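Peer 1: This is a predicted model, with the sequence first.
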Amino acid sequence: MTENQHDPLASFPGFPRGWFVIQFSDELKPGDVKPLRYFGKDLVLFRTESGRPAILDAYCPHLGAHLGYGGKIKGESIECPFHAWRFDCEGSCVDVPYAKMIPRKAKIATWPIEEKNGMIYVWHDTDRHGPDWEVPEIEEYSEDRYLKWNHSVLEIATHPREIVENLVDKGHFLPVHGTKAEKFRNEYHGHIGIQYNEGVAYPLGGGEDHYKLTATYFGPAYMVTEMKGVLESIIINAHTPIDERKLHLRFAVSLKHDGAVERTEKFVDQYIDNLRRGYLQDVAIWENKTFQERPILCDGDGDIGGLRRWYRQFYAPRDPVGREAAE
Ligand code: FES
Ligand SMILES: [Fe+2]
């Protein structure tokens, strides 16, 4: 890092508080056990035989095996691969096969989890407080005229803040994505941040597509976009920090069909490819940029300052006003 580069971790330390997508529901079947690494921590995600998902810290309190490597689902519990102790979805030890008594302290920390809209969300809070808000229902998801999610994931070497700043950065659409945002504004309501955007896209094959979208962040990392253009769709854009320098960006699309399911399905792969191409255009910038703590802005720029104030609320300490005043 050269001298004029600012360490982005200084102004947004640690990981933000909120709901994060860690998996799409169809990626986790009953009986599945998966090792995960998010928020700089080793975790285990599993789904019990009855279909309940749970996420625990990865390491067994007995002698330290990682439950995500060789752990097995037994009914509603996960069995450690090392000495076969079993833990339930609350992280309590429910069986030690060769002991008369279960040690009282045999417990693993759990993470708040929610399954909704075909996704599995985990609540992260450095202080380990419970959720401040609920994940909203996506009504279209349960409607027949919307196809199931087509989803994909990218690993990106960047800080989460860079992804979020896209919400207001209207100046980058034309140079980076080749789309012209003609009407553009943002609103913030508590943990919600919204972009209203209308304009023209120039697809690779030529011509023009007029689009109108509302993109809404629910918390710091989960965005739902309602898109109206040639096709109507719901787009998910959700990032989850792996550690302080890397994250997963998950994206998904559900297209609305007019009864002609097959014809609409044909568009889906092309659509998700276009989305991926769009994100990769941003990635090329994100992975190589620095963070300007005090950017030189002009009157045509979006509300970068407002976005940063909104985003800061998700970082500890909880009171953003107190934090601002201290700076
Ligand atoms: S390390 Fe898990 S049961 Fe021994
Ligand atoms: Fe972008």
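Peer 2: Nice, thanks for sending it over. Ligands and ions are numbered 1, 2, ... in the order given.

Peer 1: Show me which parts of the longest helix along the chain are buried, residue by residue.
Peer 2: Secondary structure assigned by DSSP state H gives helix 261-286 as the longest helix of the chain. For helix 261-286, a neighbour-count test (16 or more other C-beta atoms under 10 Å) marks Thr264, Phe267, Val268, Tyr271, Ile272, Leu275, Arg276, Gly278, Tyr279, Asp282, Val283, Trp286 as buried. (Each C-beta comes from the backbone N, C-alpha and C, glycine too.)

Peer 1: and of these, the nearest to ligand 2?
Peer 2: The nearest member of the buried residues of helix 261-286 to ligand 2, counting by C-beta to the ion, is Asp282 at 4.1 Å.

Peer 1: Can you name the residues that contact the closest one?
Peer 2: Ile163, Asn166, His172, Val176, His177 (C-beta atoms under 8 Å, 6 or more residues apart in numbering).

Peer 1: and those near ligand 2, which?
Peer 2: Asn166 (C-beta under 5 Å from the ion).

Peer 1: Lowest pLDDT pick from the contacts of Asp282?
Peer 2: The member of those with the lowest pLDDT is His177, at 89.

Peer 1: how many neighbours does the residue lying closest to Gly40 once chain neighbours are set aside have?
Peer 2: When the adjacent residues along the chain are set aside, Gly40 lies closest to Asp243, with 4.6 Å between them (C-beta to C-beta, 6 or more residues apart in numbering). By other C-beta atoms under 10 Å, the residues close to Asp243 number 12.

Peer 1: which SSE is Asp243 in?
Peer 2: Secondary structure from DSSP states H and E places Asp243 outside every helix and strand.

Peer 1: Would you mind confirming that it makes contact with Arg37?
Peer 2: Yes. Counting by C-beta atoms under 8 Å, Asp243 does reach Arg37; the two are 7.5 Å apart.

Peer 1: hmm, back to that, which among the contacts of Asp282 end up buried?
Peer 2: Buried subset of the contacts of Asp282 (neighbour count, 16+ other C-beta under 10 Å): Ile163, Asn166, His172, His177.

Peer 1: need the contact list for Val122.
Peer 2: Contacts of Val122 (C-beta under 8 Å, 6+ apart): Trp19, Phe20, Ile22, Tyr38, Ile55, Trp111, Pro112, Ile113.

Peer 1: Mind checking what secondary structure the residue nearest to Leu275 when sequence neighbours are not counted has?
Peer 2: Of all residues not flanking Leu275 in the chain, Phe251 sits nearest, at 5.5 Å (C-beta to C-beta, 6+ apart). Here Phe251 is recorded as strand under DSSP: H, G, I helix; E, B strand; the rest coil.

Peer 1: Name the SS class of the residue lying farthest from the centre of the chain, please.
Peer 2: Computed with C-alpha atoms, centre = their mean, the maximum C-alpha offset from the centroid of the chain is found at Lys100, amounting to 43.3 Å. Recorded secondary structure, Lys100: coil (three-state DSSP).

Peer 1: Start and end of stretch 80-88, how far apart?
Peer 2: In stretch 80-88, first residue to last residue: 11 Å (C-alpha to C-alpha, to the nearest Å).

Peer 1: And the helices in the stretch 201-327 of the chain?
Peer 2: Applying DSSP state H, counting those that start in this stretch to the stretch 201-327 of the chain gives helices spanning 261-286, 304-312, 320-326.
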